[in-house]
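*Asks:* what follows is a predicted protein model with its sequence.
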Amino acid sequence: MPSRTTAKAVLPVLKTVDPGFEAAFAKLERRREQESEDVEKEVRRIVERVRRGGDEELLACVQSYDGVKLDAVEVTREEWDEAVDAVDPADRAALGKAAMRVRDFHRKRIPSSWEVHEEGGGTFGSRVRPLERVGIYGHSGGGFASTDAILRYPDFFNVAVSTSGNHDNRSYNIYWAEKYQGLLVRDTVKNTDNFAGSANQTMAENLKGRLFLMHGDMDDNVHPAMTIQVANALIKANKTFDMLILPDMDHGVTQDPYVIRRSWDYWVQHLLGEEPPRDFLIRGPPN
């Protein structure tokens with residue numbers, strides 16, 4: 001069994017009933033504000049260490065930051081059993097009861113149909129039916145997400161409208177992507193990187209539903225080439241889709257009456273299954 005020895009004390013626990021709680025809690029909050037940038041730099045350094053050194057560096061970080069010396073990352077079945085046996089029976093019973101309550105609570109939150117029949121013949125209730133069609137819309141980062149959704153989950157989403165999407169974060173502001181996807185790491189041997197799997201053009205062959213791409217040709221935030229790349233991949237995959245390049249429009253296309261009307265038309269036609277009024281004029285607010 002891997003050895004697991006503790007070299008440091010456990011994290012301090014603050015209790016509201018203890019003397020000095022307010023001061024200790026205020027100090028903790030101030031530390032979070034003052035050290036946020038330092039913490040982020042340290043976390044990036046740790047991630048890079050583990051990325052390069054693997055499990056060996058991970059174990060070293062655990063010992064350094066948590067004060068626990070481990071010989072292995074995996075917790076064995078024997079260790080689980082030993083830890084369970086060490087828990088007080090009353091605590092185990094309380095944990096089991098808590099788990100049961102959580103399970104029962106969420107089961108009751110699952111929507112279900114119900115009816116009440118009154119003596120006079122009246123009936124009232126609620127009827128729940130599975131979704132037949134699902135649509136999704138997004139702009140900018142949401143434009144990336146709506147396209148990602150219909151390509152990554154083609155059996156769930158039926159319609160997607162995407163405006164000004166940053167479909168490949170490798171050609172966008174890298175600080176934005178690294179907030180959500182981690183640091184960009186290139187594999188020069190395989191000629192790829194860890195961002196490739198999230199680039200929408202790489203999933204073009206998955207399209208089954210209706211996709212509408214829109215982008216302003218004067219967009220100085222997200223380059224129109226990102227949408228063109230997705231269109232190119234869809235064409236190569238022989239997929240049917242819709243695209244509209246908006247002349248003289250920048251990144252803020254969502255407030256344009258024509259863009260709004262074309263988006264609504266797309267929902268009515270492909271999600272509702274009806275024909276929208278042709279060339280309906282949406283008037284913007286007076287200047």
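*Replies:* Perfect, I can see it now. Numbers count the residues shown, from 1 in each chain.
*Asks:* what segments of the protein are strands?
*Replies:* Per DSSP state E, the chain carries strands over the ranges 4-6, 68-70, 114-117, 123-126, 135-139, 159-163, 186-187, 192-193, 210-216, 242-246.
*Asks:* for the second one, buried residues please.
*Replies:* For strand 68-70, the buried set under the neighbour-count rule, 16 or more other C-beta atoms under 10 Å, comprises residue 70. C-beta coordinates here come from the backbone N, C-alpha and C atoms, glycine included.
*Asks:* what packs against it?
*Replies:* Contact here means 3 or more C-beta pairs under 8 Å, 6 or more residues apart in numbering; DSSP states H and E; on that basis strand 68-70 packs against strand 4-6.
*Asks:* do me a favour and average the pLDDT over the strand it packs on.
*Replies:* Across strand 4-6, the average pLDDT comes to 51.
*Asks:* cool, and stretch 24-39?
*Replies:* Across stretch 24-39, pLDDT averages out at 71.
*Asks:* just to revisit the earlier point, okay if I get the strands of the chain as TSV plus distance to residue 108?
*Replies:* TSV is the format used below for the strands of the chain (distance: least, C-beta to C-beta, whole Å):
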stretch	distance to residue 108
strand 4-6	39
strand 68-70	39
strand 114-117	12
strand 123-126	14
strand 135-139	28
strand 159-163	32
strand 186-187	48
strand 192-193	45
strand 210-216	37
strand 242-246	43
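*Asks:* would you single out the least confident of those strands?
*Replies:* Averaging pLDDT over each of the strands of the chain singles out strand 4-6 as the lowest, with a mean of 51.
*Asks:* deepest-packed of the strands of the chain, please.
*Replies:* Using mean count of other C-beta atoms under 10 Å, the stretch among those with the largest mean neighbour count is strand 159-163, at a mean of 27.
*Asks:* for that strand, give me every contacting residue.
*Replies:* Counting contacts by C-beta atoms under 8 Å, 6 or more residues apart in numbering, the residues outside strand 159-163 that touch it are 133-140, 143-144, 146-147, 149-150, 209-215, 227, 253-254, 259, 263, 266-267, 270-271.
*Asks:* how about the strands of the chain, which one is nearest residue 41?
*Replies:* Among the strands of the chain, strand 186-187 comes nearest to residue 41, with 22.0 Å by C-beta to C-beta.
*Asks:* neighbouring strands for that closest one, and are they parallel or not?
*Replies:* In its sheet, strand 186-187 lies beside strand 192-193 (antiparallel), with partners assigned from DSSP bridges.
*Asks:* what pLDDT does residue 281 get?
*Replies:* Spelled out, the predicted local distance difference test score at residue 281 is 93.
*Asks:* and it, how many neighbours does it have?
*Replies:* Residues lying near residue 281 (other C-beta atoms under 10 Å) number 8.
*Asks:* and it, what is it in contact with?
*Replies:* Taking C-beta under 8 Å, 6+ apart as the criterion, residue 281 is in contact with 257, 261.
*Asks:* now residue 176, nearest residue through space, not along the chain?
*Replies:* In space, residue 176 comes closest to residue 169 once its chain neighbours are excluded; the distance is 6.8 Å by C-beta to C-beta, 6 or more residues apart in numbering.
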